[in-house]
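*Asks:* Give the three-dimensional model of this entry:
(one chain, ligands or ions: 1)
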Amino acid sequence: MKITIFNSSPRAEHSNTHRIVKAFLKGCQKAGAETENIFLARKKIKNCLGCFDCWTIKPGQCIIKDDMRVLTDKVMASDIVVLATPLYVDNVSGIMKNFLDRLIPIVMPHFEKDPYGETRHKRRFNKYPKFVAISNCGFPEQSHFQTLKLIFRRMARNLHTELIGEIYRGQGELLKSDHPAVKLRLKQYFALVEEAGYQIVTKGYISQDLQEKLEKPLIPASFYNRGANKSWDDLIEKKEHFPIRSPGHPDDD
Ligand SMILES: Cc1cc2nc3c(=O)[nH]c(=O)nc-3n(C[C@H](O)[C@H](O)[C@H](O)COP(=O)(O)O)c2cc1C
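*Replies:* I've put the predicted structure just below:
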């Protein structure tokens, strides 16, 4: 089984998303899957031009010459695609949105009614990879993922596949914490994520029991908010950068 992760955090290797992905991959590999982890921030992905040449002039292929050609092939060669993104303004990151827009060549232009009675584009291929969603966000409550949950479900329907697993983590900025008590809690959390990776490969879904455990807060929301506000005050007062630096930050040129 081939599993490909597409991580769309601008922070790439330093991202909180990557911390979840690493644990998930460990579980997938333990279960015998072949895995590939791709940082979209390290790839050249221009925005879709809306020309529809991928449906008329060159059916199935985008005319833009950038990394999406190879990435689209990687999507279609996978059994499972993991869409991993930080929550940005209640949505996927801009990098992920560009990536998803540019996948439009993998369906046909023609309309048809889907099993829910809604119009969709016809399939271009017999088989599409199944989807798993991974995300984290800065706010503490799991409710911040409500838009994202809907987006991933609809993406799966648009692309003739199903969403077989979802891992959403509020309090995401804790994932890099060095505080001893938090580290202990994170160890438990990452073990659950690893188990989710294992279950996805061996069962094709995440059990209800595990899903409930994955959704539990890492620490009480009131502690988290107090800590976050204190950290922001410290950074503002000392005029310091946020501790995670994204590749491509202008100060690094
Ligand atoms: C432009 C931008 C928009 C964001 N929007 C949200 C948001 O709507 N809700 C939220 O809880 N966190 C939001 N965040 C916080 C990120 O989700 C949070 O910092 C997350 O841990 C980043 O994950 P990463 O390290 O994987 O990129 C936003 C951050 C940025 C930079």
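
*Asks:* beta partners for the most centrally placed residue in the chain?
*Replies:* In the chain, the residue lying closest to the centroid (Cα atoms, centre = their mean) is Ala84, at 1.3 Å. Here Ala84 shows beta-bridge partners Asn7, Ile134, assigned using DSSP bridges.

*Asks:* what's the distance between it and the ligand?
*Replies:* Distance of Ala84 to the ligand, given as Cβ to the nearest ligand atom, to the nearest Å: 8 Å. In this view, the C-beta of every residue, glycine as well, is placed from N, C-alpha and C.

*Asks:* List the residues that contact that residue.
*Replies:* The contact partners of Ala84, by Cβ atoms under 8 Å, 6 or more residues apart in numbering, come to 5-9, 17-18, 20-21, 133-135.

*Asks:* do Ala12 as well
*Replies:* So Ala12 contacts 18, 39, 41-42, 246-247 (Cβ under 8 Å, 6+ apart).

*Asks:* Reformat those residues as a markdown table; add distance to Gly165 and neighbour count.
*Replies:* Output for the contacts of Ala12, formatted as a markdown table (distance: Cβ to Cβ, whole Å; neighbours: other Cβ atoms under 10 Å):
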| residue | distance to Gly165 | neighbour count |
| --- | --- | --- |
| His18 | 18 | 23 |
| Phe39 | 21 | 22 |
| Ala41 | 23 | 19 |
| Arg42 | 25 | 12 |
| Ser246 | 27 | 14 |
| Pro247 | 28 | 13 |
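
*Asks:* how near is Ala12 to the ligand?
*Replies:* 9 Å.

*Asks:* hang on, Val81 is in a helix, isn't it?
*Replies:* No - Val81 sits outside any helix when classified using DSSP: H, G, I helix; E, B strand; the rest coil, being strand.

*Asks:* Need the pLDDT of it.
*Replies:* In the predicted model, Val81 carries a pLDDT score of 98.

*Asks:* Spatially nearest residue to it (excluding sequence neighbours)?
*Replies:* Pro129 (4.4 Å; Cβ to Cβ, 6 or more residues apart in numbering).
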